[in-house]
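> Turn this into a model:
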Amino acid sequence: MIDIKLIRENKDLVKENIKKKFQDKKLPLVDEVYDMDIKYREIKTEADEARGKVNKLSKEIGNLMRDKKTDEAGKIKREVAKIKESIPLLEEEERNLEKEIKKRMMVIPNIIADDVPIGEDDSCNVEEERFGDPKVPDFEIPYHADIMQSFNGLDKDAAGRVSGNGFYYLMGDIARLHSAVLAYARDFMIDKGFTYCIPPYMIHSDAVDGVMSFEEKEAMMYKIEGEDLYLIGTSEHSMIAKFKDQLLKESDLPITMTSYSPCFRKEVGAHGIEERGVYRIHQFEKQEMVVLCKPEDSDDWYDKMWKYSVELFRSLDIPVRKLVCCSGDLADLKYRSCDIEAWSPRQQKYFEVCSCSNLTDAQARRLGIRYKKEDGTKQYAHTLNNTVIAPPRMLIAFLENNLNEDGSVNIPKVLRPYMGGKEKIIPSK
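Predicted coordinates:
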């Protein structure tokens, strides 16, 4: 959520930002908020003045009664009673206007960075840099589900009978590999100075509304029937919400955390749940990184965070590239974002494995996360998040890039301690 001062002082800037995101249907919201805000402040001033007048006249009544001037006191009492009748009506109008303003403000997108590429959808995202040489071996690489099944490591049929499409069983070396990369990613981030955390996997609706836009909520979140609880789509949701309505100390910042969680997503409006593979699924696990910092530090943290992803994937012998997200591909709360994409030798193209975002104060403003500066003033913190690693999707890139012609898979040196010292895993089929 943006600062309403932007609409008061430069609504044309807010409108231009909406146009850059190709969301012209939201343009009328800016004028609606502008007009409502004027009315809201007028009503609030009128209500404040009424309350002030009641206090002043009440003191006069006390003085008149003390001086036995009951007639004059009675006249003022009638005036006070009339003013008091108007105050609840003013307060109700004030609350209604505040509610309507907030409803619209929650939909108006965050201001994007000046250097964000302008484009309508992800086809306009811009490749910025590659890391590692994307190679294609001289033997055929099977579909990732077939590689996993060659180790007796994937059973989608049983999962379909138990849970439906979009779920899976991982077993044996593939399940162990899944756990190994999560453990390695955890320790990788701890070594970078991040605090390890396991968060709640369900959060209240007010926390959901604080961390994401309404469109994302409807497309992603599973609601628990009969309760005010949602299954998280990523641990970022509960990690940021941990600080809801908190006033932090400036000395507490930056707060850097890395969190593990299962993630649950409806994937409504996505490109479809895969029948055979594990690329787009309803349930997965993830190691996440989250940062809360001062505004002047957020761009530096953004650069550090996506570079951590590159370093981690390169340590697993996986070539990656950085793809800068265009304006139309940014979720409403994002100031800037980039995807780290891994190389798929089978498909001979890159696919997303990490998403790094700077949300400036948009998320903190919705959740009420502020910090107290040394001079006593209070300011909203900036929030950032990035995927560390998200299997089983990232296992697609891992298996393809470490596959040998005989079907075995090499285990990179950094991962061997988490795989019982194995240098490679051997297929059973």
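> now the helices: where do they sit in the stretch 51-200 of the chain?
Assigned by DSSP state H, counting those that start in this stretch, the helices in the stretch 51-200 of the chain fall at 70-105, 144-150, 156-162, 172-191.
> tell me the most buried of the ones you listed?
With neighbours defined as mean count of other Cβ atoms under 10 Å, these peak in mean count at helix 144-150, which reaches a mean of 21. All C-beta spots, glycine's among them, are computed from the backbone N, C-alpha and C.
> Quick one: mean pLDDT for it?
Confidence for helix 144-150, expressed as mean pLDDT, is 95.
> what would the helices of the stretch 51-200 of the chain look like in JSON lines with distance to Val33?
What follows is those, written out as JSON lines (distance: least, Cβ to Cβ, whole Å):
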{"stretch": "helix 70-105", "distance to Val33": "5"}
{"stretch": "helix 144-150", "distance to Val33": "48"}
{"stretch": "helix 156-162", "distance to Val33": "47"}
{"stretch": "helix 172-191", "distance to Val33": "40"}
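> Okay, now the unreliable bits of the stretch 251-400 of the chain?
Scanning the stretch 251-400 of the chain for pLDDT under 70 picks out 268-275.
> Tell me the secondary structure of the nearest residue to Glu128 once chain neighbours are set aside, please.
In this structure, Glu128 finds its nearest non-sequential neighbour in Lys322, 4.7 Å apart by Cβ to Cβ, 6 or more residues apart in numbering. Lys322 carries the three-state label strand when classified by DSSP: H, G, I helix; E, B strand; the rest coil.
> quick thing: my sequence starts at 55, can you match it?
I'll keep to 55 as the first residue from here, and by that count the last item is Lys376.
> Quick check, pLDDT for the residue lying farthest from the centre of the chain.
Within the chain, Lys122 marks the point farthest from the mean C-alpha position, 66.0 Å out by Cα atoms, centre = their mean. On pLDDT, Lys122 comes in at 74.
> Would you confirm that the residue nearest to Glu182 contacts Phe367?
No. Under the criterion of Cβ atoms under 8 Å, Lys376 is not in contact with Phe367, lying 11.1 Å apart.
> Between these two, which has more neighbouring residues?
Neighbour count, other Cβ atoms under 10 Å: between Lys376 and Phe367, Phe367 has more, with 25 against 20.
> Quick one: residues contacting the more buried one.
Taking Cβ atoms under 8 Å, 6 or more residues apart in numbering, we find Phe367 in contact with Phe185, Val374, Ile394, Ala396, Val407, Cys408, Ala451.
> So which of these are in helices?
Those of the contacts of Phe367 mapping onto helices are Ala451, per DSSP state H.
> Among the contacts of Phe367, name the buried ones.
Neighbour-count burial (16 or more other Cβ atoms under 10 Å) is assigned, among these, to Phe185, Val374, Ile394, Ala396, Val407, Cys408, Ala451.
> If we ignore the residues flanking it in sequence, what's nearest the last one?
Same thing as Ala451. Once flanking residues are discounted, Ala451 sits nearest to Ala396: 3.6 Å by Cβ to Cβ, 6+ apart.
> For the one you found, give the beta-bridge partners.
Beta-bridge partners recorded for Ala396 (DSSP bridges): Val374, Phe405.
> Let me see the contact set for it.
Contacts of Ala396 by Cβ under 8 Å, 6+ apart are Phe367, Ile372, Pro373, Val374, Tyr404, Phe405, Val407, Met448, Ile450, Ala451, Asn455.
> Sticking with the nearest residue to Thr288 once chain neighbours are set aside, tell me its helix or strand.
Nearest residue to Thr288 in three dimensions, chain neighbours excluded: Cys317, at 5.2 Å (Cβ to Cβ, 6+ apart). Counting by DSSP states H and E, the element that carries Cys317 is strand 309-318.
> tell me the angle of that strand relative to helix 226-245?
Interaxial angle of strand 309-318 relative to helix 226-245 (axes from the mean of the first three to the mean of the last three Cα atoms, to 10 degrees): 160 degrees.
> list the helices and strands strand 309-318 packs on?
For strand 309-318, the helices and strands in contact under the criterion 3 or more Cβ pairs under 8 Å, 6 or more residues apart in numbering; DSSP states H and E are helix 226-245, strand 249-251, helix 289-295, strand 337-347.
> what's in contact with that strand?
236, 240, 243-244, 246-253, 255, 276, 285-290, 292-293, 297, 302, 336-347, 442, 444.
> quick one on the thing from earlier: nearest to Lys75, out of the helices of the stretch 105-254 of the chain?
The minimum distance between Lys75 and those falls on helix 124-159, with 15.7 Å, by Cβ to Cβ.
> Tell me which other helices or strands that closest one touches.
Packing partners of helix 124-159 (3+ Cβ pairs under 8 Å, 6+ apart): helix 81-120.
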